[in-house]
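Asker: can you look at this prediction? I've put the sequence above it.
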Amino acid sequence: MKPTVLIVDDEKPTRDGLRAALEDKYETFVAKDAAEAARLMQDVPPDAVLTDLRMAGEDGMAVIDRALKISPQPVCIMMTAYGDVDTAVKAMSRGAYWFLQKPVDLRQVEILLERGLKARTIEKEVVALKTRLDHKFSLGEVIGSSEPLQRAIEQVRTVAASNATILLLGETGTGKELFAQMIHQASPRSKGPFMAVHCAAIPANLLESELFGHEKGAFTGANERRVGRFESANGGTLFLDEIGEIDATTQIKLLRFLETRSVERLGSHKPISLDLRLVCATNRDLRQMVAEGKFREDLYYRLSVVPLRLPPLRERKDDVPLLLTHYLRKFAQENKVAEAKLSPAALIPLTAYAWPGNIRELRNACENLAVLQAGKTVEPKDLDPRFSEVAISRVAPAVGLAALPPGVFDKEQNEKNLLKQALASAAGNRTKAAESLGISRRTLHRKLLQWPELEAGTSTAQ
């Protein structure tokens, strides 16, 4: 659709001339005064308004004031035969995009409209992106309802509004950066920048410069001044991931920032005062590192003003089905394929699995299934072999054992009964029995060596 332009002028030749010049590229509407312009803006909110200043009744300033109440705001360009600096400043201060003196240059009008509408489009995209980011990293968007997760979320709500330094503790893949972003989005600093630095990914001899910046000539190869991540995060939040990996020199400079709230670029002795929130994260035991002399004790206490522990996925079993469903749908959409569904039998070993890689490992598993099993119902046999060990002890409900009262069988007895049923159903064929259980034939063979009595009365077809 063509952008809409409203032309407001009390001189008919001017209105008609502008309309004729613009109608090839724009959907144009004309009004002879501010009152008619108001009615048109109500019926068809314009993308741009081109208005004369001096007209009978209300003037062009009233047109601009009314136009800028529309959401999203149109691009407003003022035209006047009485152009001077005061009028231009007044028009711009009211929200006009630009100011033109009559008689207007049609080519200049076209250029201004094109630039103004492009800037307006970019602004709308930025607002939309910010809205999506606010939504994505809002506390309400965290997937899961388990008690450990909800406890961590409640702690975020409590501390987000403060300026306290936060230390996120958790295993690899538990979502430490996501929680850091949520803390930022829930804080008064959400309009400011969020800067993330993965300390272990930057060589130790470059980390200090990366964090604190350097002056030209500070060291060999420093050919120009560099602003560090601390300065770039001013007014917002700086997230330092894997903080346990920083060397002794960087630890000292980080401690100095926490004490003075200022940094010095390498090669400079001039302190730069900063106002930012520091959030750090680690999967290491910093207390143990302090005891071993690998991490400064004073820095540890300054960083852990508010320690937040993020639960591993094995402590959030109730959340696993929700996460699996979410990521299977997400990766299906990203890859433009039909969504894969999990059968009840496949869900059991996936829920029982310990997920040592936590959310990161689960995401990767879902992406694999979303691509390789697109549009299919995933059965145990379709799963990665690492889930086989849990399948044999947890798949029982899928074959009718779920209705048994708790405690009727212990784990070993459940396994024996399940294997016996599978072998009987497959007439002793180990390959078919293993496939029905979603485990490898090697795993089945190992179990039968452990319990040879299970094959009694069945054939040994291979």
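Answerer: Cool, the structure landed.

Asker: show me where the stretch 351-462 of the chain has its strands.
Answerer: 377-378 (DSSP state E, counting those that start in this stretch).

Asker: could you pull out the helices in it for me?
Answerer: With DSSP state H, counting those that start in this stretch, the ranges of helices along the stretch 351-462 of the chain come out as 358-372, 388-394, 411-425, 430-437, 441-450.

Asker: ok, of these, where does mean pLDDT dip lowest?
Answerer: Lowest mean pLDDT within the helices of the stretch 351-462 of the chain: helix 388-394, at a mean of 53.

Asker: would you list the helices of the stretch 351-462 of the chain in CSV and tack on distance to V63 and mean neighbour count?
Answerer: (Glycine included, C-beta is placed from N, CA and C.) As requested, the helices of the stretch 351-462 of the chain are exported to CSV (distance: least, Cβ to Cβ, whole Å; neighbours: other Cβ atoms under 10 Å):
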stretch, distance to V63, mean neighbour count
helix 358-372, 53, 18
helix 388-394, 70, 20
helix 411-425, 79, 17
helix 430-437, 75, 20
helix 441-450, 78, 14
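
Asker: turn these into a markdown table, including distance to G144.
Answerer: What follows is the helices of the stretch 351-462 of the chain, written out as a markdown table (distance: least, Cβ to Cβ, whole Å):
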| stretch | distance to G144 |
| --- | --- |
| helix 358-372 | 10 |
| helix 388-394 | 20 |
| helix 411-425 | 27 |
| helix 430-437 | 29 |
| helix 441-450 | 31 |
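
Asker: which among those is found nearest to S209?
Answerer: Set against S209 and scored by Cβ to Cβ, those come closest in helix 358-372, at 29.3 Å.

Asker: I'd like to know which of the helices of the stretch 351-462 of the chain lies nearest to K90.
Answerer: helix 358-372 (55.6 Å).

Asker: other SSEs contacting the closest one?
Answerer: Contact partners of helix 358-372 among helices and strands, from 3 or more Cβ pairs under 8 Å, 6 or more residues apart in numbering; DSSP states H and E: helix 320-335.

Asker: mind doing that once more with 10 Å?
Answerer: Judged by 3 or more Cβ pairs under 10 Å, 6 or more residues apart in numbering; DSSP states H and E, the packing partners of helix 358-372 are helix 320-335, strand 341-342, helix 344-352, strand 377-378.

Asker: deepest of these, which one?
Answerer: The highest average neighbour count among the helices and strands packed on helix 358-372, using mean count of other Cβ atoms under 10 Å, belongs to helix 344-352 at a mean of 21.

Asker: quick one, that one and helix 320-335 angle?
Answerer: 110 degrees (axes from the mean of the first three to the mean of the last three Cα atoms, to 10 degrees).

Asker: elements contacting helix 344-352?
Answerer: helix 320-335, strand 341-342, helix 358-372, strand 377-378, helix 388-394, helix 430-437.

Asker: in a markdown table, list the ones you listed along with distance to L53.
Answerer: Shown next, in a markdown table, are the helices and strands packed on helix 344-352 (distance: least, Cβ to Cβ, whole Å):
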| stretch | distance to L53 |
| --- | --- |
| helix 320-335 | 51 |
| strand 341-342 | 64 |
| helix 358-372 | 58 |
| strand 377-378 | 68 |
| helix 388-394 | 76 |
| helix 430-437 | 82 |
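
Asker: picking that back up, mean pLDDT lowest where, among the helices and strands packed on helix 358-372?
Answerer: helix 344-352 (a mean of 87).

Asker: what's the angle between it and helix 358-372?
Answerer: 150 degrees.

Asker: now helix 344-352 - C-alpha only, PDB.
Answerer: Output of helix 344-352 as PDB, limited to C-alpha atoms (Å, rounded to 0.1, in the frame of the first residue of the first chain):
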ATOM      1  CA  PRO A 344       3.600 -40.800  26.000                       C
ATOM      2  CA  ALA A 345       6.200 -43.600  25.800                       C
ATOM      3  CA  ALA A 346       8.900 -41.200  24.500                       C
ATOM      4  CA  LEU A 347       8.000 -38.500  27.100                       C
ATOM      5  CA  ILE A 348       8.700 -40.900  30.000                       C
ATOM      6  CA  PRO A 349      12.500 -41.400  29.400                       C
ATOM      7  CA  LEU A 350      12.900 -37.700  28.400                       C
ATOM      8  CA  THR A 351      11.400 -36.700  31.700                       C
ATOM      9  CA  ALA A 352      13.400 -39.200  33.700                       C
END
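
Asker: save the helices and strands packed on helix 358-372 as JSON lines, and put in distance to F29 too.
Answerer: Formatted as JSON lines, those follow (distance: least, Cβ to Cβ, whole Å):
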{"stretch": "helix 320-335", "distance to F29": "40"}
{"stretch": "strand 341-342", "distance to F29": "52"}
{"stretch": "helix 344-352", "distance to F29": "58"}
{"stretch": "strand 377-378", "distance to F29": "56"}
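
Asker: out of the ones you listed, the one nearest D33 is which?
Answerer: Checking the helices and strands packed on helix 358-372 against D33 by Cβ to Cβ gives helix 320-335 as the closest, at 50.7 Å.

Asker: residues contacting R151?
Answerer: Contact analysis of R151 by Cβ atoms under 10 Å, 6 or more residues apart in numbering lists L308, R309, P311.
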